[in-house]
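Okay, here's the prediction I keep looking at, along with the sequence it came from:
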Amino acid sequence: MAGLERWIKEEGPRVRGSRPLDSAKVQAPGVVGLPDGGYRLFYTAVGPGKPFADCQGYILSAVSVDGIDFEVEPGIRVAPDPASSFMNLRVLAPTVTRLDDGRWRMYFEGRSSADKPKVIGSAISKDMLDWQVEEGVRLVVPGGVRAPRYLPTPDGHKLVAVGQLPGAQVTDSAVGGAVVATSCDGIHFELGTAYLFPTDPAHGGDFSAAEVVPPVREGEEWVLFFSEWADPPGGPPQGLPLHPSSDPDAVAKGTSANFAEISIASDLAGFRSRIHIARSADGINWERGPVVVEGEGYGGDGMDAVHAEDMSLIRLPDGRYRMYYAACDPAGIWLVASAVSVD
């Protein structure tokens with residue numbers, strides 16, 4: 001696993017909007033290998049086929065034999081529930097693991113109005129197509145927690161999610177990070193370590209996702225990938241509409257119903273996201289590394305010219321890794337792209 005700083009972007013999108021369920025926005029992928037070979041890619045989407053007017057997003061899926069060419073599957077895997085206390089507007093950022101009894105569990109971020117914290121919920125399935133949301137939340141912290149990634153370990157279940165551990169010391173040089181929660185049963189989680197990263201003035205902003213890759217062999221380092229938003233020079237432009245996920249009155253104002261249009265306007269307002277790497281000898285103390293996936297910038301026309309974020313990794317049979325990530329082009333079109341590690 002040495003390296004993982006050099007990646008080759010693969011041509012074309014893995015998934016892009018193609019139907020009423022996902023034509024407005026595609027983001028936040030989560031990939032899992034299938035027992036008999038092939039891959040299933042879960043992703044967050046929204047479109048005119050959404051289940052109710054104020055819905056801001058739900059989880060769909062696509063399947064592939066080779067991890068490159070994906071066929072979207074009909075229907076919604078997990079949708080927000082207007083009657084829910086923690087996921088009545090949006091569910092996103094899925095991560096899936098197989099259980100000992102052969103079933104599958106999905107962890108996801110659940111969002112309600114902006115005055116309520118973002119939380120991590122879960123759902124259970126026998127076939128990865130029909131999912132039943134499990135009662136309660138798996139993880140919540142003051143201020144919210146988002147974009148979970150499941151990390152299996154010999155001593156139990158772990159979730160890595162973007163958030164701030166209560167009581168953690170944050171200075172002017174650290175603007176966020178990730179928290180780790182552990183569980184014996186995959187349902188009841190306890191907060192553990194906080195990972196904090198100093199802001200890089202050239203790239204720093206707000207962390208949006210993090211995924212840990214543990215050592216494959218003894219003596220190797222832990223590696224963590226994280227995506228980070230950067231504010232435009234001089235700050236956001238004047239008159240930019242408040243992002244619906246940041247507005248507690250979004251439903252009353254009608255901006256929740258126009259979530260895709262308004263959020264894309266924010267995406268293109270000079271903000272930019274990139275994917276970075278960090279390393280650790282012990283899995284606790286981390287040193288920030290360079291940008292590993294970056295677009296061409298606003299002057300380019302590539303799929304990820306504006307944003308590259310919310311990655312999900314899978315180890316390939318030859319020992320390399322494939323990274324699936326959300327990408328946004330200068331026209332505001334979001335899709336799922338991929339890159340393969342070189343070393």
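Right, received. Where do you want to start?

quick one: secondary structure of residue 63?
The three-state assignment at residue 63 reads strand, by DSSP: H, G, I helix; E, B strand; the rest coil.

Show me where this structure has its helices.
Using DSSP state H, the helices found in the chain span residues 250-253, 259-267.

quick one: residue 178 and residue 161 touch, right?
Yes - the criterion here is Cβ atoms under 8 Å, and residue 178 meets it with residue 161 at 6.4 Å. For the C-beta atoms, the positions are set from N, CA and C on the backbone; glycine is no exception.

picking that back up, for residue 31, find the nearest of the helices of the chain.
Taking Cβ to Cβ, helix 259-267 is the member of these nearest to residue 31, at 22.8 Å.

residues in contact with residue 180?
151, 158, 159, 160, 191, 192, 193, 194, 195 (Cβ atoms under 8 Å, 6 or more residues apart in numbering).

try 10 Å this time
By Cβ atoms under 10 Å, 6 or more residues apart in numbering, the residues touching residue 180 are 151, 158-161, 165, 189-195, 210, 212, 283-284.

what pairs with it across the strands?
Beta bridges link residue 180 to residue 160, judged by DSSP bridges.

same check, this time on residue 60
Beta-bridge partners for residue 60, by DSSP bridges, are residue 43.

how many neighbours does residue 214 have?
16 (other Cβ atoms under 10 Å).

Roughly how far does it sit from residue 157?
Going from residue 214 to residue 157 by Cβ to Cβ, to the nearest Å gives 13 Å.

what is in contact with the two at once?
Joint contacts of residue 214 and residue 157 (Cβ under 10 Å, 6+ apart) are residue 151.

And the contacts of residue 180, which of them are buried?
151, 158-161, 165, 189, 191, 193-195, 210, 212, 283 (16 or more other Cβ atoms under 10 Å).

Thought residue 6 was touching residue 342, still the case?
Yes - contact between residue 342 and residue 6 holds when scored by Cβ atoms under 10 Å: they sit 3.9 Å apart.

low pLDDT regions in the stretch 101-250 of the chain?
Counting by pLDDT under 70, the ranges of the stretch 101-250 of the chain that qualify are 164-176, 196-205.

where exactly do the strands run in it?
Counting by DSSP state E, counting those that start in this stretch, one finds strands in the stretch 101-250 of the chain at the ranges 104-111, 119-125, 132-133, 145-153, 156-163, 174-183, 190-198, 205-213, 222-230.

Format these as JSON lines; extra columns: distance to residue 74.
Listed next are the strands of the stretch 101-250 of the chain as JSON lines, based on distance: least, Cβ to Cβ, whole Å:
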{"stretch": "strand 104-111", "distance to residue 74": "18"}
{"stretch": "strand 119-125", "distance to residue 74": "16"}
{"stretch": "strand 132-133", "distance to residue 74": "18"}
{"stretch": "strand 145-153", "distance to residue 74": "26"}
{"stretch": "strand 156-163", "distance to residue 74": "29"}
{"stretch": "strand 174-183", "distance to residue 74": "33"}
{"stretch": "strand 190-198", "distance to residue 74": "38"}
{"stretch": "strand 205-213", "distance to residue 74": "27"}
{"stretch": "strand 222-230", "distance to residue 74": "30"}
